[in-house]
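Novice: Pasting the sequence and the predicted coordinates here, then a few questions.
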Amino acid sequence: MGQSPKILLVVVRRASLWFALMPIFMALSACEPTTADTTVNAAEYDSFWLWAGVKPQAVLEQAKTVYILEGEVRASNAATLVPLRPGTPDIDHADIWMVIRVENLDLPPEIYRQIFAKLGQWSTQGNKVVGLQIDFDANTRSLDQYAIFLRKLRQQLPRQYALGITGLLDWSANGDPSALASLADVVDEAVFQVYQGRNTIPGYEKWLNNIDDLPMFFRIGLVQGGEWKPPVSLARNPNFRGYVIFLVNDAASEIHAD
C-alpha cells in the first residue's frame, strides 16, 4: 500500500533534518577523545621544565609556570652546589620554581645556605619565584627517609617559598601508603615523571593504576614529543594539578650544538 501525503511529508522532513544536522554530529564526534596515544605538543600546555642545555622555545612566552634547573649537588662533592645555568633567569610573566638536583640526602649546612642565597638572588632580579623543587630519584622503599630529609629542608626554607619534588611512577604503584602520607605532609606538590631521557616510559599506563590513591597534590610530567594517553579518572581527581612538559632541543639544535 502507498503512504499518505502526510506521512511522506513527515519522512521527508525528518530526512532533511538528519542531513542538515549530520555535519554537526560529525564535528562533535571529531572532538571526542580517541583511544590512541597522542604526541605531546608543548604548544598545548602552559607549564614547563627548562633544563640545562635546552634552548628557550617560543612556548615559554605562553607559560604560566616554569621549573628551571639551577644546579645540582653531586655525590662526589656534597659540599658544593654546582651551577648549571650561565646566569639568573629573567622571566616576569610566569611563576618560577627553582630546581635543585641532588644525588644524596646527606647535605651539609653550607648547601642549604647556597640554595637559599640563590632563591633570594632570583627573586631580587624581578622573577616571581614561588618555590623550590628537589629533583631526587628516591628509592620507593626509602620514601620515609626522603620525607625526613624534606622535613628538615622545609623547616629551614624561607616561608615565602613552596616546596615541591619530582617523583617516580613506581611510587604510586608500590609506595608504602604511610610513607606517601609522610611526603604529603611536608611537600606542596609532587610532579610524577612519565618519561626517561627523551622518551615516554613504555607501559606507563600500568604504573598509573593507583594514581588516584596518592594523598598529595600532584602533576604529571611529560616529555615534549613523547606519547601520552591520560587515564580516564585523572581529570576527576581532586589532587591533580595539571601537567609539566619537559622541553627538549630538536634534532637540528642538537646537531648544531655539536
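Specialist: Okay, I see it.
Novice: centre of the chain versus the longest strand along the chain, how much separation?
Specialist: Taking residue count as the measure and DSSP state E as the definition, the longest strand of the chain comes out as strand 65-74. Averaging C-alpha positions (CA atoms, centre = their mean, to the nearest Å) puts strand 65-74 14 Å from its chain's average.
Novice: cool, stretch 67-81 as well?
Specialist: That offset, for stretch 67-81, works out to 21 Å (CA atoms, centre = their mean).
Novice: What are the buried residues along that stretch?
Specialist: Buried residues in stretch 67-81, defined by neighbour count with 16 or more other CB atoms under 10 Å: 67-73, 78, 81. Just so you know, the C-beta spots here come from the backbone N, C-alpha and C atoms, and that holds for glycine as well.
Novice: for stretch 38-56, same thing?
Specialist: Along stretch 38-56, these residues count as buried under the neighbour rule (16+ other CB under 10 Å): 40, 42, 45-51, 54.
Novice: Same question for stretch 193-206.
Specialist: For stretch 193-206, the buried set under the neighbour-count rule, 16+ other CB under 10 Å, comprises 193-195, 200-201, 204.
Novice: just stretch 214-225 next, same as before
Specialist: Neighbour counts using 16+ other CB under 10 Å place 214, 216, 218-225 of stretch 214-225 among the buried residues.
Novice: Mind checking which of those are in strands?
Specialist: Filtering those for membership in strands, criterion DSSP E, returns 218-223.
Novice: from these, which single one is nearest Ala94?
Specialist: Each of these was checked against Ala94 using CB to CB; the closest is Arg219, at 15.1 Å.
Novice: The closest residue to that closest one other than its chain neighbours bridge partners, please.
Specialist: In space, not counting the residues next to it along the chain, Arg219 is nearest to Val191; the distance is 4.5 Å by CB to CB, 6 or more residues apart in numbering. When bridges are taken as DSSP bridges, the partners of Val191 come out as Thr166, Arg219.
Novice: Closest one to Asp137 out of the buried residues of stretch 214-225, please.
Specialist: The shortest separation between Asp137 and any of these is 13.1 Å, and it belongs to Gly221 (by CB to CB).
Novice: From what I see, that closest one and Gln193 are in contact.
Specialist: Yes: counting by CB atoms under 8 Å, Gly221 touches Gln193, with 4.3 Å between them.
Novice: where do the contact lists of those two overlap?
Specialist: 166, 246 (CB atoms under 8 Å, 6 or more residues apart in numbering).
Novice: got the contact list for Ser178?
Specialist: Contacts for Ser178 were tallied using CB under 8 Å, 6+ apart; they are Asp144.
Novice: what's the angle between the helix or strand harbouring it and strand 218-223?
Specialist: In the assignment (DSSP states H and E), Ser178 maps to helix 177-184. Angular relation of helix 177-184 and strand 218-223 on a 0 to 180 degree scale: 90 degrees, by axes from the mean of the first three to the mean of the last three CA atoms, to 10 degrees.
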